[in-house]
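K.L.:
just a sequence and a predicted model for now, questions to come.
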Amino acid sequence: MSEQVIAFIGGGNMARSLIGGLIIDGHPPAALRVAEPDTERRERLAEEFGVQVFEENATAARGADAVILAVKPAMISAVARDLSQQIQAQGSLVISVAAGIRSRSLAEWLGGDVAIVRAMPNTPALVRTGSTALFANAAVAPEQHELAETTMRAVGIIVWLTQEDQMDAVTALSGSGPAYFFYTMEAMQSAGQALGLDAKTARLLTLETALGAARMALESSEEPAELRRRVTSPGGTTAAAIDEFDQANLLAIYARALEAAAKRAHALGDELEETE
């Protein structure tokens, strides 16, 4: 992978995260290109990472092995159409990180039989602890499959999906998921303060508890339910709290929340297709 050229269309946060991760993993900055219309952002990218920067998308994409579309969903149709002839001629892999854009729509905008990998990363990618789901269309060759995997693994773990419609569930679970945990942290910190802790102490204990619990779950072969049972002594303090969660039917609340997010993800995909 070290000599393969990767072009980013868009130089925002996700592109910056991937560029930083790729360089840490040993990818040469000279083989990374970014197309970004904002002059100040281009200059920062060049100065911070030593990558090639361009104002024009076509210039950045010329001869690239992979073209990563890291623009807003509303812009991706126009960007793809402008690059379609070039992508067709080069046979580049196209990786899209635009939420809601289905591979069939992207293929149509790119002019037909194009190797496309659709990616759904989440915001912890910004600190290289992201979770990314990938789906490859039938045109993706084995070496392109490997390139997409290596690229996205630069910012965290990856999973491959066998069916694209699973992306809606991924969006609901891991794409939106960081916000659910932030919401829980917010609630726990607030409750701690209500019990008499100062804001700084409540925040630190909340965040470190979240980090420690996640690390225990990652390093254990046991399911989260079993780890919870192990720290829930009958009649104890944890049991008293869990009883309150059970009375509120927390599991059902989460199920409804994720179902709502998945339905909205599907609807957004429909809306994006209908605008074209």
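P.N.:
It's in. Note that the structure is predicted; figures quoted are calculated from it, not measured.
K.L.:
contacts for the helix ranked longest in the chain?
P.N.:
Longest helix in the chain by number of residues, with DSSP state H as the criterion: helix 250-274. Under the contact criterion C-beta atoms under 8 Å, 6 or more residues apart in numbering, helix 250-274 has outside partners 73-74, 99-102, 105, 167-169, 171-173, 175-176, 180. (Glycine included, C-beta is placed from N, CA and C.)
K.L.:
repeat that for 7 Å
P.N.:
For helix 250-274, the surrounding residues in contact (C-beta atoms under 7 Å, 6 or more residues apart in numbering) are Pro73, Gly100, Ile101, Arg102, Ser105, Asp168, Ala169, Thr171, Ala172, Leu173, Ser176.
K.L.:
do a quick rundown of the helices in this structure.
P.N.:
13-24, 39-49, 57-61, 73-90, 103-109, 142-152, 167-170, 177-194, 199-219, 224-230, 237-247, 250-274.
K.L.:
where does the residue in the chain sticking out farthest from the centre land on pLDDT?
P.N.:
Centroid-distance maximum for the chain: Gly235 at 41.0 Å, with C-alpha atoms, centre = their mean. pLDDT for Gly235: 95.
K.L.:
how close does Gly100 sit to Ala191?
P.N.:
Gly100 sits 35 Å away from Ala191, going by C-beta to C-beta, to the nearest Å.
K.L.:
between these two, which is the more surrounded one?
P.N.:
Gly100 (22 against 13; other C-beta atoms under 10 Å).
K.L.:
what residue is smack in the middle of this structure?
P.N.:
Closest residue to the average C-alpha location of the chain: Pro121 at 1.0 Å, with C-alpha atoms, centre = their mean.
K.L.:
count the neighbours of the nearest residue to it once chain neighbours are set aside for me.
P.N.:
Nearest non-adjacent residue to Pro121, counting by C-beta to C-beta, 6 or more residues apart in numbering: Thr132, 4.2 Å away. Thr132 has 25 neighbours, counted by other C-beta under 10 Å.
K.L.:
do Ala148 as well
P.N.:
Neighbour number of Ala148 under other C-beta under 10 Å is 27.
K.L.:
quick check, pLDDT for it.
P.N.:
pLDDT recorded at Ala148 is 97.
K.L.:
could you pull up the residues touching it?
P.N.:
So Ala148 contacts Leu93, Ile95, Val117, Leu134, Ala136 (C-beta under 7 Å, 6+ apart).
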